[in-house]
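Visitor: Provide a 3D model corresponding to the input given below.
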Amino acid sequence: MLQSLLGSVRPPEWVVDEVQNRVVLFLNHVLMQEPQAQQRLRRQLGKPVRVAWGDFHLTLAPTAAGLLERPAGDRQPELHVTVTQTSPFALAQQVLGGERPNVDIQGDVQLAAEVAWLVDNVRWDVEEDLSRLVGDAAAHTLVGGAKSAVAGIKAFVGRRSPTEPGHSDGRSA
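Guide: Numbering: from 1, shown residues only. This is a model prediction of the structure:
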């Protein structure tokens, strides 16, 4: 029921637009810390990639600086990446479990290879960013606490039995 309620709620267009702009800023922040990633993106200059999950989508294109932008106009994406998991809860469980979400990829093979390399090799250094705000020791403590919390959640999710209420294992009782 909650999943269907979440699926029917649509934020206003201006909210979606602003969130997409913030996602681009965040991705560029992470990319600026990875010169090799920027170099790889420069080779794909201007090739739009559309990432979609349900009704939500974001089109990005590499810039001459090796960063990302939301391309202007209605240029057709050269690569389509669609997250196939429809349940936000199942998707969160996959991500928390350290798994990649299932995706359907269609389009430019070389561009897809570069995107795959970025996903495999570029990571946000949360601790480094936090240390600029609160200092090295506090950042280390905060990140350690967050890692412990995520490990606890993973352990809890792993212990849940598929026969608990709300879960189906495909067998009848």
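
Visitor: Stretch 57-70: end-to-end distance?
Guide: Its start and end residues considered, stretch 57-70 measures 11 Å (C-alpha to C-alpha, to the nearest Å).

Visitor: for residue 44, what are its contacts?
Guide: Residues counted as contacts of residue 44 (C-beta atoms under 8 Å, 6 or more residues apart in numbering) are 62, 110, 111, 114. Just so you know, the C-beta spots here come from the backbone N, C-alpha and C atoms, and that holds for glycine as well.

Visitor: Low-confidence bits of this protein, can you list those?
Guide: Low-confidence segments of the chain, defined by pLDDT under 70: 1-8, 96-98, 125-127, 129-130, 138-140, 143, 147, 150-151, 153-154, 157-173.

Visitor: switch to 90 and redo it
Guide: 1-13, 16, 53-56, 72-75, 85-104, 116, 118-173 (pLDDT under 90).

Visitor: Could you chop it up by domain?
Guide: Domain assignment for the chain by automatic domain parsing gives 2-121, 125-173.

Visitor: Deepest in the core, which of these is it.
Guide: Mean neighbour count, computed with mean count of other C-beta atoms under 10 Å, is highest for domain 2-121 among the domains of the chain, reaching a mean of 14.

Visitor: Was I right to think residue 32 contacts residue 41?
Guide: No - using C-beta atoms under 8 Å, residue 32 makes no contact with residue 41, being 11.3 Å away.

Visitor: Show me whatever sits in contact with both of the two.
Guide: residue 67.

Visitor: Who are the packing partners of the lengthiest strand in the chain?
Guide: For the chain, the strand with the greatest residue count under DSSP state E is strand 56-62. When contacts are defined as 3 or more C-beta pairs under 8 Å, 6 or more residues apart in numbering; DSSP states H and E, strand 56-62 packs onto helix 13-31, strand 49-53, strand 68-69.

Visitor: Report all helices and strands that the last one contacts.
Guide: Here strand 68-69 is seen to pack against helix 13-31, strand 56-62 when contacts are counted using 3+ C-beta pairs under 8 Å, 6+ apart.

Visitor: Now do the longest one: distance to the chain's middle.
Guide: From the chain centre to the centre of helix 13-31 is a distance of 12 Å (C-alpha atoms, centre = their mean, to the nearest Å).
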